[in-house]
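# Sequence and predicted structure, then a few things I'm wondering about:
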Amino acid sequence: MTILITGARGHVARSLVHQLLAAGQEVRAASRNPAASALPAVLCDLADPDSAAPALAGVTKLFMYAEPRGVDGFVERAVAAGVEHIVLLSALLASADAEDAIARLHRDAESAVAGSGVAWTFVRPGGFATNTLPWAATVRAEGVVRDPFPDAHSAPVHEADIAAVAARALIEPGHKGAVYELTGPESVTRRRQAELIGEAIGRPVGFVVQDLAEHRAELSRWTSPEVADSVIRHSRDAVGRPAPTTDTIEKVTGEPARAYGRWVRDHAADFTG
């Protein structure tokens with residue numbers, strides 16, 4: 001039984017590959033840019049389903065992310081290749097009536113998987129702790145975090161916890177048809193996140209309230225204007241509002257979810273260079 005892990009350059013996929021290998025599973029990592037992956041990987045671009053055939057050969061289980069381009073074609077090819085179970089990395093906000101740009105993207109991917117006739121599991125994390133890695137450059141250079149929303153709350157989830165839930169779904173019985181909503185164990189503000197970074201690296205980290213236009217320009221470098229607007233709207237709505245948390249990670253894995261402070265300690269080198 002070979003398990004295909006797409007998106008091998010991503011933090012979740014990398015952690016998942018390591019966890020599956022440690023569990024003695026036969027794993028094939030795949031990426032649209034294998035040379036840039038930190039793992040040995042084969043070519044598989046979800047946006048180009050015609051690239052998928054070699055990666056899918058002999059695969060019975062698949063972990064995939066919600067690529068907005070070509071996902072229907074990729075899922076069709078996966079089913080035709082004999083994949084029996086797909087674990088989809090979705091998002092907490094995905095739902096049948098989703099109107100938000102980010103939620104719609106993941107809803108459409110869920111619809112493509114669910115409509116394929118193959119067994120599925122949807123892993124729906126909230127905000128990734130790794131979303132704060134872009135702060136690392138200013139922490140290293142200036143000792144500050146720059147963001148427009150110091151009092152916005154979130155319950156950041158560690159990529160290793162997302163991967164642990166996905167691993168259980170891939171190698172254990174009883175997870176087909178499940179929808180797992182994941183968060184970190186506590187709600188923290190972005191100002192508090194900056195403080196926790198400082199505690200982890202052993203020097204104070206300040207918080208600079210960033211100009212919103214500058215923040216929007218930064219977001220637009222890696223995503224569409226529509227998604228950038230969604231990110232900003234979610235951030236604004238989270239100001240002064242503690243984020244709800246779930247205990248799904250502990251229920252599925254038997255281990256409590258890792259807090260943001262633990263994540264920062266695990267990634268301290270990113271913030272110190």
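All right, it came through fine. This is a predicted model, so every value here is computed, not measured.

# What is the neighbour count of Thr223?
14 (other CB atoms under 10 Å). Every C-beta, even on glycine, is put in place using the N, C-alpha and C of the backbone.

# Repeat that for Ala114.
15.

# Quick check, it in contact with Trp120.
Yes. Ala114 lies in contact with Trp120 (CB atoms under 8 Å); the separation is 6.0 Å.

# So which residues of the stretch 101-250 of the chain form helices?
Along the stretch 101-250 of the chain, counting by DSSP state H, counting those that start in this stretch, helices occupy 101-114, 136-142, 159-171, 190-201, 212-220, 225-237, 248-253.

# Please produce CSV containing those helices, extended by distance to His11 and mean pLDDT.
Conversion of the helices of the stretch 101-250 of the chain to CSV gives the following (distance: least, CB to CB, whole Å; pLDDT from 0 to 100):
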stretch, distance to His11, mean pLDDT
helix 101-114, 17, 89
helix 136-142, 13, 97
helix 159-171, 4, 98
helix 190-201, 17, 98
helix 212-220, 19, 93
helix 225-237, 18, 92
helix 248-253, 16, 98
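
# out of those, deepest packed?
Mean neighbour count (mean count of other CB atoms under 10 Å) peaks for helix 159-171 among those, with a mean of 24.

# which other helices and strands contact the lowest-mean-pLDDT helix or strand in the chain?
In the chain, no helix or strand scores lower on mean pLDDT, DSSP states H and E than helix 101-114, which sits at a mean of 89. If contacts are counted by 3 or more CB pairs under 8 Å, 6 or more residues apart in numbering; DSSP states H and E, helix 101-114 sits against helix 71-80, strand 85-89, strand 119-125, helix 225-237.
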